[in-house]
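In: next input, structure requested:
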Amino acid sequence: MLTRPLRIPLLCACLTLSSAPLLHAAPPEAPAALQAELQARLRQAAREGDMTALAAFAQAATNWNARDAQGRSPLILAAYHGQTNALRFLLKQGADPCLPDARGNTALMGALFQGHDSAARLLLDTACPIDQTNHAGQTAAMYAALFQRHALLQTLRERGANMQAQDKQGNTPDTLARGEIKGPLGQ
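Out: The predicted structure is shown next:
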């Protein structure tokens, strides 16, 4: 095990000399630029489903909920890109499935938007509120309805999602499922 004073120079050397992604997290006292680079590489590993890199990050002190400028966590990126193995791993490591991005969208909403049914089903088994809303007042059920994810909409309904919940435009999951869209989406 390296002592703390040796870890930062070694990590910097790896970052400089290696063309492969850096697979170690920076210690808390690492320079901000190095911390940012490592967090970016963590998010890239989640987005690409790079299990080798994610396993290496697990060996270090990793903030699994660190977000980028758009508020996207590694878990949100894995969900958005349908990386179910990465999702399972990140959840096991303690990543927060309820943590929204800067617009209030959750990992479940991202999976529904992109049509990644397996990822969405995995996220439905977390403890997140079924009717958690984004900043537009939209729920996961609204996403499932809008993007015609009928089986997932039925699952959400069976798990108690409010089919009459309204977003800021007055849309509900039921009206969206019928193709009735109020507001900018419907124009």
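
In: nearest spatial neighbour of the residue most central in space within the chain, chain-adjacent residues omitted?
Out: Residue closest to the mean C-alpha point of the chain, counted by CA atoms, centre = their mean, is Ile76 at 0.9 Å. With sequence-adjacent residues excluded and distances taken as CB to CB, 6 or more residues apart in numbering, Ile76 is closest to Ala107, at 4.7 Å. Where you see a C-beta, it was placed from the backbone N, CA and C, and this is true even at glycine.

In: and if you look at Leu124?
Out: Thr155 (6.4 Å).

In: so for that neighbour, what's the pLDDT?
Out: The per-residue pLDDT reported for Thr155 equals 97.

In: and for it, the neighbour number?
Out: Here the number of neighbours of Thr155 (other CB atoms under 10 Å) works out to 17.

In: so it touches Leu123, yeah?
Out: No: contact criterion CB atoms under 8 Å: Thr155 and Leu123 do not qualify, at 11.3 Å.

In: Gln59: neighbour count?
Out: Neighbours around Gln59, by other CB under 10 Å: 10.

In: do the same with Ala58
Out: The local packing of Ala58 (other CB under 10 Å) involves 14 other residues.

In: that one and Lys92: what is the separation?
Out: Taking CB to CB, to the nearest Å as the measure, Ala58 falls 9 Å from Lys92.

In: for Gln138, which residues are in contact?
Out: 109, 167, 171 (CB atoms under 8 Å, 6 or more residues apart in numbering).

In: quick check: the gap between Gln83 and Ala45.
Out: For Gln83, the distance to Ala45 - CB to CB - is 9 Å.

In: sorry, wrong one. I was asking about Asp101.
Out: For Asp101, the distance to Ala45 - CB to CB - is 18 Å.

In: what about the two, which has more around it?
Out: Per other CB under 10 Å, whichever of Asp101 and Ala45 has more neighbours is Ala45, with 26 against 21.

In: does that one really touch Ala58, like I thought?
Out: No: distance between Ala45 and Ala58: 10.8 Å, which falls outside the contact criterion (CB under 8 Å).

In: beyond the helix or strand containing Leu42, next helix or strand please.
Out: Leu42 belongs to helix 32-48 when assigned by DSSP states H and E. Sequence order places helix 51-58 as the next helix or strand after helix 32-48, per DSSP H and E.

In: gap between the next helix or strand after that following helix and the chain center?
Out: Next along the chain after helix 51-58, taking DSSP H and E as the criterion, comes helix 74-80. Distance of helix 74-80 from the chain centroid (CA atoms, centre = their mean, to the nearest Å) equals 3 Å.

In: and if you look at stretch 44-59?
Out: From the chain centre to the centre of stretch 44-59 is a distance of 14 Å (CA atoms, centre = their mean).
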